[in-house]
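Trainee: Just the structure for this:
(2 chains)
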Protein chains: 2
Amino acid sequence: MKVVFNVLFFFIVITCQAQENGHQLWLRYKNAKPVTVICSKNSPTLSIAKQELQNGWQGEPNASITLTIKKDKALKDDGFRLSQNEVIAATEKGVLYGVYELLRRQRTGEAITGEAENPSYQIRILNHWDNPNGSVERGYAGHSIFWRSGPDSLTVTQNDKKIWTEYARANASIGINASVLNNVNASPKIITPEYLNRVKAIADVLRPYGIKTYLSINFSSPAILGKLKTSDPLDKAVIKWWQDKVKEIYSYVPDFGGFLVKASSEGQPGPQDFGRTHADGANMLADALKPYNGIVMWRAFVYSPNDKDRAKQAYNEFMPLDGKFKDNVIIQVKNGPVDFQPREPFSPLFGAMKQTSVMPELQVTMEYLGHDKYLVFLSTMWEEVLQSDTYQQGEGSTVARCTDGSIYSQKYTAMAGVSNVGLDTNWCGHLFNQANWYAFGRLAWNVNLKSEQIADEWLKLTFYGAQSSKSGEANYNAGWNDNFLKPVKQMMLDSREAAVNFMTPLGLHHIMSANGHYGPGPWWAPKGMRADWTPPYYHQAAENGIGFDRTKTGSDAVEQYHEPLASQFNDAATCPEKYLLWFHHVPWDYKLKSGRTLWDELCYKYDEGVNQVRSFQKVWDKAGVYVDSTRFLEVQRKLRIQCVNAGLWKDACLLYFQQFSKMPIPYELERPVNNLDVMMYNDRGDGRSH
Amino acid sequence: MKVVFNVLFFFIVITCQAQENGHQLWLRYKNAKPVTVICSKNSPTLSIAKQELQNGWQGEPNASITLTIKKDKALKDDGFRLSQNEVIAATEKGVLYGVYELLRRQRTGEAITGEAENPSYQIRILNHWDNPNGSVERGYAGHSIFWRSGPDSLTVTQNDKKIWTEYARANASIGINASVLNNVNASPKIITPEYLNRVKAIADVLRPYGIKTYLSINFSSPAILGKLKTSDPLDKAVIKWWQDKVKEIYSYVPDFGGFLVKASSEGQPGPQDFGRTHADGANMLADALKPYNGIVMWRAFVYSPNDKDRAKQAYNEFMPLDGKFKDNVIIQVKNGPVDFQPREPFSPLFGAMKQTSVMPELQVTMEYLGHDKYLVFLSTMWEEVLQSDTYQQGEGSTVARCTDGSIYSQKYTAMAGVSNVGLDTNWCGHLFNQANWYAFGRLAWNVNLKSEQIADEWLKLTFYGAQSSKSGEANYNAGWNDNFLKPVKQMMLDSREAAVNFMTPLGLHHIMSANGHYGPGPWWAPKGMRADWTPPYYHQAAENGIGFDRTKTGSDAVEQYHEPLASQFNDAATCPEKYLLWFHHVPWDYKLKSGRTLWDELCYKYDEGVNQVRSFQKVWDKAGVYVDSTRFLEVQRKLRIQCVNAGLWKDACLLYFQQFSKMPIPYELERPVNNLDVMMYNDRGDGRSH
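Mentor: Residues are numbered from 1 along each chain as shown, chains lettered A, B, ... in the order given. Modelled structure (predicted):
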């Protein structure tokens, strides 16, 4: 069969090779060998472990493998130890994780060593922003796998159980052990009996895979559901109401994990509505959960419309409360101080809250990074944040070490990822978005994994046994073929920087299209709109330059960072250029290290971003022939869309900012091809995709 | 004032420099010097000549210039002879043309020599495809300047007379001496008294500028208007009806030029409806016009839905009639045998009809070349056709020489251009489309002018006295500045080849979007549609190759060309590659002179076309600073649109044809960024622009 890229053929292939639709994720058990599994115990979790070995064994044919549960000083929590013929763990869950790791190594060709492997974080949790009506906030992969609308929306079907099982298995295979089933912008009704019935059904499916169930709650629930006069966290009736509610929840889900709370943020109710602090609110809930070993994940994503610098606000609100939270409260902090931008410096809360448990919240779903259209491997972004040195306890106080218990003793450690999963056949909309789900799980398990390693694993697994469109034969080593693996891996590793280049280079941020958060929208600022929801608030473009002045003479956000960072960020000469316009308002003719003016450098960065996407297209077109046509064509198609959108970003930002810089785009660069007024007309903040 | 490209500024500039809107065309009389004009005669035409000299004199201040009408053996028809202080001509019109030429040379810096200058064609005529309701078929510059809809549509206003005067003056300044006021798809009512009243008003305005008025007529007029039982050209009542009608027309317009007729073509009525020939029809009308020295321009654009090769049909229908037409009939032949495509070989009728007057019809309006969006200088295309050697009377029998009277004695010689003029402020939609109006006039006057010369003239005139956006001062020599003139002229000269490259390279043709004729539409072929209106009829793409086989073993269209062309075109090895797929169906892996396969060469050509447009953008951005911001921004804006559309053409054609070639696009080329199914969905033949 020859290489074919066309659309008609696309449909033919889909018909013939219906299995190549991405639904199998990284769990492609092709051509398994016989194996004998020995295990003295029996349980639902161990049954799963056994079955996985039998379905996916790629070691010596007819080998025997023993699953052993025993104490081992080196093994914590869900840890395990592997050998060629044994998986040792302290818990059943540990055995399951060991089995997945063993099978993974067989398919990637990695050596199986005898070292103990322990997770970095105790709680490795997905946050689903799924609404009870089945919609998913910032979801780009179809409707919710948990909820749906319609008259029978709460009936649990076999299809429901099937998808929940597949979901649980995928999570377990990468070490994820917790799920928040509903949106942080929470409907109160999620904790009513009819919904709790369905929560129980979900929890029952997730439990054997080692996954604990959590819920987001609405802080006004006592008033809304309980008809109380208030939801004041210090009100006795309110306290009682929550105690009863928690008790009720545990009657449905005995191992319920706890609550995720978005309070006093973006219109959500919270303790501040009653003159109370975040600590008052979180602790009240924590007290209610404590008897059941439940916990509260309290989000630090707060900012008021009139603050001078939104980037400072979470720190300003939470630092005074350090030490005031109960030990079963964890403050859940987004990786950056604003909002999941393509690049932000790390949130200054990391490491700064020394007497409070803190957990990072990463966004797996591509709210600001191209939805289901872009190929962006987020692992490099997360690695950049997690390995950022806060200096809070001397050099080496990375965000990872400040949150995983290495530096501060936390009763609970956790890392949250906002899920990108939906009912789309391939789960994540874009095939390569699966890599972000995978990477989140892997980093939550081992926060020091390199992105290169994660990409390598994912590619080998995801294209394991792929039907090559070149030879027409199953290519069990597709992922191992250097002609495929090397360039595609490099593309993944470069993909986030490419997106930063064509969207928000040099520290720009929050200049996307309003509401939709997809295309560019640096101009968007309707009258009466709160300023910190509009791009001009963030880019501050004017004739005298561009960028948000967060230096000591500006908003002084730099002061929230520990030295030497505060001084380093404060001085444009020492501030990393990737954060330059985050911390500085810089004249258009400011000279950068490249020798170029700021304006020229901006032009070069945007242009480079577009050309990087074009180069990805070539990489994929060349490498794609080693894999099946269906997934190849799907990714090829999306790269084209990304390329057009990258061009739109470049043109929109350069033409918009040029109004202020009044400088020409360097003539060696390709000229814009989109007209500014047309782009502005097409983007009226209604979130439509270009 | 600095260089500014932005949109906001655009509006400001428009307000401040309202004059820079392109309405002045190439007639920018800035900073005129005093002059004394001596002329012993007086007439409306001579008054115009005097006034033009006084408004536009750029010679020695206070010079005297004499306008002399006298016989001169070297001067034919509208010819003239110039010196520094005299314009000599045999007619008043000749004086007027001489005056415009003198003023032109002053503004371009060309030497004023004493040579006699005579026009190549007697009749230099614009065809307006304007409908009585004011719409313009294939018009991209607003509504008709002659007609409008509404209750007062036939009232002649001062505004009407003003625009008609400006139009007449622009035509006279480049030697155009005739206008057909209405669409060839003619409404019968154009020759009713109420419309003839308006025709008379227009003719009265055009007359002093030396422009004769013509009308397109509907061949069924006797039946429709005269209520006759037939419109059979041999029917006595019909003959009488036309005689009376012609007499009536001349009572309104005593110097009426004659009729333009589209008959038996694309649904228009014609003599064939009554079993008569084109000659029968044309001669009957010619006889009616003869007493008034009127003529008939009879179009050869005919083709029936079931012919095997549309390209052959005009020749097949008209050659048997050679010698059968009256001497006041001219057969009006489109430059190519199909229909104004970006590139066609010349129509084989040129030179072949040896006993019949033949005139070329060129399309000035951009039906197939990007409407008002593309920058395409058509002069090079026309030069290519007019200088094509037909070999009909030995080497050197160019299309020009076969039609201008050099080879064949014709009572009337003529060249027609389908006008691109409308009510848009800048007349032609795109500023650079003015250059095509200009080039048509210049070539009709001097068919041997080089495109380089025409572009040079037009640029110098059009940007004469432009307000430089660089210095902010009037720049009287803007067009003479090499930084502006050289690159922009080269861009104009390259622009048609660029369009061919990104639309229809290597002899492809008629693969545009249906109806709209703007974007690509190689796929368009609805069920039941007549085949020769669909692109697949023309490109014949299949697994075994692409192209229309017009060789001896195919449709044998080559046979219509005189040797050595017939043999040269018949053999793929000797056929010019620019016509390869016009004459040959060629395998995808056929090797071209470049050493590339046909498929690869197609890819390279499409890619080159896109990159040429990108290079035009750079040229314009660099050169534009020498001229006023308003016109600069307008052209910049359109080049962007052209660039996007060029990319669409490339992607559509390559992805569509790739379904048949099944070969990869060479990896050194940029990948397509548009998905085929989306492009096909967006183009459903409804003529919408992309």
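
Trainee: What about the residue in the stretch 151-300 of chain A that chain B sits nearest to, how many residues nearby?
Mentor: Of all residues in the stretch 151-300 of chain A, the one sitting closest to chain B is A:Ile163 (28.7 Å; Cβ to the nearest Cβ). From N, CA and C alone the C-beta is placed, and that goes for glycine too. Using other Cβ atoms under 10 Å in any protein chain shown, A:Ile163 is surrounded by 17 other residues.

Trainee: Return the residues in contact with it.
Mentor: Residues near A:Ile163 by Cβ atoms under 8 Å, 6 or more residues apart in numbering or on different chains: A:145, A:423.

Trainee: Tell me if I am right that it is in a strand.
Mentor: No - A:Ile163 is assigned helix when assessed by DSSP: H, G, I helix; E, B strand; the rest coil, not a strand.

Trainee: how near is it to B:Tyr667?
Mentor: 40 Å (Cβ to Cβ, to the nearest Å).

Trainee: Quick check, pLDDT for A:Glu20.
Mentor: Confidence at A:Glu20, expressed as pLDDT, is 83.

Trainee: and it, what is it in contact with?
Mentor: A:13, A:466-467, A:628-631.

Trainee: Which one (most neighbours) among these?
Mentor: Among the contacts of A:Glu20, the one with the most neighbours (other Cβ under 10 Å) is A:Ser629, at 29 neighbours.

Trainee: which phi and psi does that one have?
Mentor: phi -60, psi -40 (degrees, to the nearest 10).

Trainee: what does A:Gln84 give?
Mentor: Torsion angles, degrees, to the nearest 10, at A:Gln84: phi -60, psi -30.

Trainee: ok, and what's touching stretch A:385-404?
Mentor: With contact meaning Cβ under 8 Å, 6+ apart, stretch A:385-404 is reached by A:120-121, A:335-336, A:345-346, A:348, A:350-352, A:354, A:358-360, A:362, A:406-408, A:410, A:413, A:415, A:443, A:447-448, A:561-565.

Trainee: dump the residue contacts of the residue nearest the centre of chain A.
Mentor: In chain A, the centroid-proximal residue (Cα atoms, centre = their mean) is A:Val364; its distance is 2.1 Å. Shown here is A:Val364, whose contacts under the criterion Cβ under 8 Å, 6+ apart are A:126, A:378, A:417-420, A:436-437, A:440.

Trainee: Quick check: which element contains A:Thr630?
Mentor: Here A:Thr630 sits within helix A:629-661, counting by DSSP states H and E.

Trainee: buried sites along the very next helix or strand once past that helix?
Mentor: Later in the chain than helix A:629-661, the nearest helix or strand by DSSP H and E is helix A:676-682. Counting neighbours by 16 or more other Cβ atoms under 10 Å in any protein chain shown, one finds that the buried residues in helix A:676-682 are A:676, A:679-680.

Trainee: any bit of helix A:676-682 sitting next to chain B?
Mentor: Yes - interface with chain B: helix A:676-682 contributes A:676-677 (Cβ under 8 Å from any Cβ of the partner chain).

Trainee: A:His143 and A:Ser135 touch, don't they?
Mentor: Yes - counting by Cβ atoms under 8 Å, A:His143 does reach A:Ser135; the two are 6.7 Å apart.

Trainee: Flag every residue of the stretch 501-650 of chain A that's near chain B.
Mentor: Counting by Cβ under 8 Å from any Cβ, the residues of the stretch 501-650 of chain A near chain B are A:614, A:617-618, A:621-622, A:637, A:639-641, A:643-644, A:647.

Trainee: With neighbour count and pLDDT added, can I get those in TSV?
Mentor: Shown next, in TSV, are these (neighbours: other Cβ atoms under 10 Å in any protein chain shown; pLDDT from 0 to 100):
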residue	neighbour count	pLDDT
A:Arg614	19	98
A:Gln617	22	98
A:Lys618	18	98
A:Asp621	19	96
A:Lys622	15	94
A:Arg637	18	98
A:Leu639	26	98
A:Arg640	22	98
A:Ile641	21	98
A:Cys643	24	98
A:Val644	19	97
A:Gly647	25	98
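
Trainee: Which members of the residues you listed are the farthest-apart pair?
Mentor: Across these, no pair lies farther apart than A:Lys622 and A:Gly647, at 21.8 Å, counting by Cβ to Cβ.

Trainee: Now the stretch 301-450 of chain A against chain B: closest residue?
Mentor: Closest point on the stretch 301-450 of chain A to chain B, by Cβ to the nearest Cβ, is A:Lys373, at 11.6 Å.
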